[in-house]
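Novice: The sequence isn't on hand, but the structure is:
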DNA sequence: GGAATATAATTAGGCTACCTAATTATTAGG
DNA sequence: CCTAATAATTAGGTAGCCTAATTATATTCC
């Protein structure tokens, strides 16, 4: 209670607020929003791992957003010719999403820039502290997650 | 380039994404949004430190949002009777914002709950790791901030 | 001292990134 | 084979921001 002035709490709070404003999530590139790039990245990575293309529901699970959110983003990517829908022949309710050559090129370029930036960060923090940070953030997530239930 | 698969980068990225979804910033309390509570908190803290009430521009600087954003939030808080505007007699362009008794009570209750939650977090992480986390987040912010210029 | 300029706040309108509820198409279970 | 479940979509809404334009007041400087 008197602990309301606890300096560690204060520091942590300030850091959280600042971190939220950190532009680590970039602004528009090539006319596409960060949320659109995230979907592109998921489709791209999925294609490198599996034989079948990603379903809307799979993308939605990976990004932890609802399916309507994914549908909307896919609609825009489709309009821009970055992505194609095909009906899954095994389950005609499902839709498989595939990158077009244009979409693939865009995604690869964005990924390159993105990973360079993050390699720079790991370099800046040092390998050890980077690992520590990831671990601590996971613990924070777990703490709040468990509070909510 | 081959470093694109650097596991530390991957871990860090996953942590960042997860952290962004962490509900550390709460949902509506008493019908007021997190952004509204942040403004209340700033006004409350300002009142404890200075003789004069907060101006819109001061609130805007502290929260790092534009003045129109603050104006809108103040409008809502005003409608709810949590806050009062008075014209600064020294500079009649400026508006001083003051908590009403109702606003003050609400803010105090919210602050209490809020700080208890964060004391719990510090307890969960340990004092030392909490400090480390704050420090690392600040470094991350600095890295991205400098990249942007 | 008055015109030009700067500053404080507000209004109007727009945007991103989400959400929920309802609908449509298809598949699976009793 | 009919009911219930599942996949995706459409429609509409919300929070939390933003920019540009406007209004009122202050400051500067010839």
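Specialist: Sure thing, it's come through. All figures in this text were calculated on a predicted structure; none of them were measured in a lab.

Novice: From now on I want contacts and neighbour counts done on CA atoms only, so please keep to that.
Specialist: OK.

Novice: Just give me the longest helix of chain A.
Specialist: Among the elements of chain A assigned as helix by DSSP state H, the one spanning the most residues is helix A:101-125.

Novice: what mean pLDDT does the helix or strand following it have?
Specialist: Using DSSP states H and E, the next helix or strand after helix A:101-125 towards the C-terminus is helix A:127-147. The average pLDDT within helix A:127-147 is 90.

Novice: what's in contact with helix A:127-147?
Specialist: With CA atoms under 8 Å, 6 or more residues apart in numbering or on different chains as the contact definition, helix A:127-147 has outside contacts at A:122, B:8, B:11-12, B:15-16, B:18-19, B:22-24, B:121, B:124-125, B:129, B:133, B:136.

Novice: which of the residues in that helix are buried?
Specialist: The neighbour-count criterion (16 or more other CA atoms under 10 Å in any protein chain shown) identifies A:129-134, A:136-141, A:143-144 as the buried residues of helix A:127-147.

Novice: Quick one: check the worst-scoring helix or strand of chain A on mean pLDDT for contact with chain B.
Specialist: Using mean pLDDT, DSSP states H and E, helix A:7-21 stands out as the lowest-scoring helix or strand of chain A, at a mean of 83. Yes - residues of helix A:7-21 are located near chain B by CA under 8 Å from any CA of the partner chain, namely A:8-9, A:11-12, A:15-16, A:18-20.

Novice: what subset of the contacts of helix A:127-147 is also close to DNA strand C?
Specialist: For DNA strand C, no contacts are drawn from the contacts of helix A:127-147 by CA under 7 Å from any atom of the strand.

Novice: If you go by neighbour count, which of those residues are buried?
Specialist: A:122, B:8, B:11-12, B:15-16, B:18-19, B:22, B:24, B:121, B:125, B:129, B:133, B:136.

Novice: wait, which of those residues is closest to residue B:99?
Specialist: For the buried ones among the contacts of helix A:127-147, the minimum distance to residue B:99 (CA to CA) is 25.0 Å, reached by residue B:24.

Novice: Quick check: which ranges of chain A have low pLDDT?
Specialist: For chain A, residues meeting the criterion pLDDT under 70 lie at A:1-4, A:23-25, A:149.

Novice: What parts of it come near DNA strand C?
Specialist: So chain A meets DNA strand C at A:33-36, A:64-69, A:89-93 (CA under 7 Å from any atom of the strand).

Novice: Narrow those to those in helices?
Specialist: Of the positions in the residues of chain A next to DNA strand C, A:34-36, A:67-69 sit in helices, assigned by DSSP H.

Novice: okay if I get the residues you listed as a markdown table plus neighbour count?
Specialist: Written out in a markdown table, the entries for those read as follows (neighbours: other CA atoms under 10 Å in any protein chain shown):
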| residue | neighbour count |
| --- | --- |
| A:34 | 14 |
| A:35 | 17 |
| A:36 | 18 |
| A:67 | 14 |
| A:68 | 12 |
| A:69 | 12 |
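
Novice: who touches the residue lying closest to residue A:70 once chain neighbours are set aside in this structure?
Specialist: The spatially closest residue to residue A:70, leaving aside those adjacent along the chain, is residue A:60, at 6.1 Å (CA to CA, 6 or more residues apart in numbering or on different chains). Listed by CA under 8 Å, 6+ apart, the contact partners of residue A:60 are A:66-67, A:69-70.

Novice: Using the three-state scheme, assign residue A:60.
Specialist: What DSSP: H, G, I helix; E, B strand; the rest coil gives for residue A:60 is helix.

Novice: show me the contacts for the most centrally placed residue in chain A.
Specialist: Most central residue of chain A, judged by C-alpha distance to the mean C-alpha position with CA atoms, centre = their mean, is residue A:38 at 4.7 Å. Residue A:38 is in contact with residue A:63, counting by CA under 8 Å, 6+ apart.
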